[in-house]
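Engineer: Everything below, folded, please.
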Amino acid sequence: MRRTAGLSFYRRKKKINTGVLKEVIVWAVEILLTVAVTVIVVSLFGFRISVVGSSMSPTLENGETILVNRFLYHLLEPQQGDLVVFLPNGNEKSHYYIKRVVAVPGDTVQIEDGMIYVNGSPVEEGEVLAVENALSAEEEITIGEDEYFVMGDNRSNSEDSRYASIGNVKKEYIVGKAWMVAYPWKEIRFIK
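Structural biologist: The predicted structure is shown next:
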């Protein structure tokens with residue numbers, strides 16, 4: 001008579017369903033590959049920074065976190081109207097600056113009576129505030145090769161190319177293009 005309870009050496013071992021095991025392993029490998037590819041793509045092509053100050057208001061506000069495409073300018077040149085992220089004079093100890101490209105290499109810039117003139121024509125800028133202080137751009141400036149004249153959208157509260165401490169930004173100091181606000185969550189949007 002066979003016992004039904006207690007210790008029995010006659011029990012059969014349960015077989016592992018190899019089909020299910022293979023499926024679980026395939027899913028795990030696919031998830032790990034997806035995470036690895038995502039980490040590599042983000043680290044090679046972009047990064048995030050926080051906006052410091054109100055120089056880009058109303059476009060960007062102090063404390064917002066933005067995503068920066070650092071790959072784009074390896075293929076293309078910055079264009080007038082782009083929001084570029086750069087280190088002033090290449091100073092790696094400084095925080096990143098975010099400014100709008102007003103003029104590109106070969107352009108002339110002059111600020112007169114609160115208006116910005118590029119190549120002699122006034123720049124139409126929508127919501128951007130008027131310029132109160134022309135500073136270095138009071139006289140016409142010609143932008144050099146691989147240089148960009150940049151300004152914050154909040155013209156009266158922006159340290160930008162008008163100031164000697166920043167000047168025209170060399171392309172080598174531009175780390176990427178600001179393309180999306182990622183935080184706070186209710187403010188997520190693409191940047192124009």
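Engineer: Backbone torsions only: list them for the residue nearest to E139 when sequence neighbours are not counted.
Structural biologist: Distances taken as CB to CB, 6 or more residues apart in numbering place Q110 nearest to E139, at 6.9 Å, with adjacent residues excluded. From N, CA and C alone the C-beta is placed, and that goes for glycine too. Note on Q110: its backbone torsions stand at phi -150, psi 140 [degrees, to the nearest 10].
Engineer: L87: neighbour count?
Structural biologist: Neighbourhood size, L87 [other CB atoms under 10 Å]: 17.
Engineer: gap between it and E172?
Structural biologist: Between L87 and E172 the distance is 10 Å, computed by CB to CB, to the nearest Å.
Engineer: Quick check: the residue nearest to E139 touching Y117?
Structural biologist: Yes - contact criterion CB atoms under 8 Å: Q110 and Y117 qualify, at 4.8 Å.
Engineer: After the lowest-mean-pLDDT helix or strand in the chain, which helix or strand is next? Please name it.
Structural biologist: Comparing helices and strands within the chain by mean pLDDT, DSSP states H and E singles out strand 46-50 as the least confident, with a mean of 83. Sequence order places strand 65-69 as the next helix or strand after strand 46-50, per DSSP states H and E.
Engineer: CA atoms only for the helix or strand that that following strand is followed by, dumped as PDB, please.
Structural biologist: Sequence order places helix 72-75 as the next helix or strand after strand 65-69, per DSSP H and E. Output in PDB follows, covering the C-alpha atoms of helix 72-75 (Å, rounded to 0.1, in the frame of the first residue of the first chain):
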ATOM      1  CA  LEU A  72      22.300  68.100 -34.700                       C
ATOM      2  CA  TYR A  73      25.000  70.600 -35.000                       C
ATOM      3  CA  HIS A  74      27.500  68.000 -36.100                       C
ATOM      4  CA  LEU A  75      25.400  67.700 -39.300                       C
END
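Engineer: same for the next helix or strand after helix 72-75, what does it pack against?
Structural biologist: Sequence order places strand 83-86 as the next helix or strand after helix 72-75, per DSSP H and E. With contacts taken as 3 or more CB pairs under 8 Å, 6 or more residues apart in numbering; DSSP states H and E, strand 83-86 sits against strand 97-103, strand 147-151, strand 174-183.
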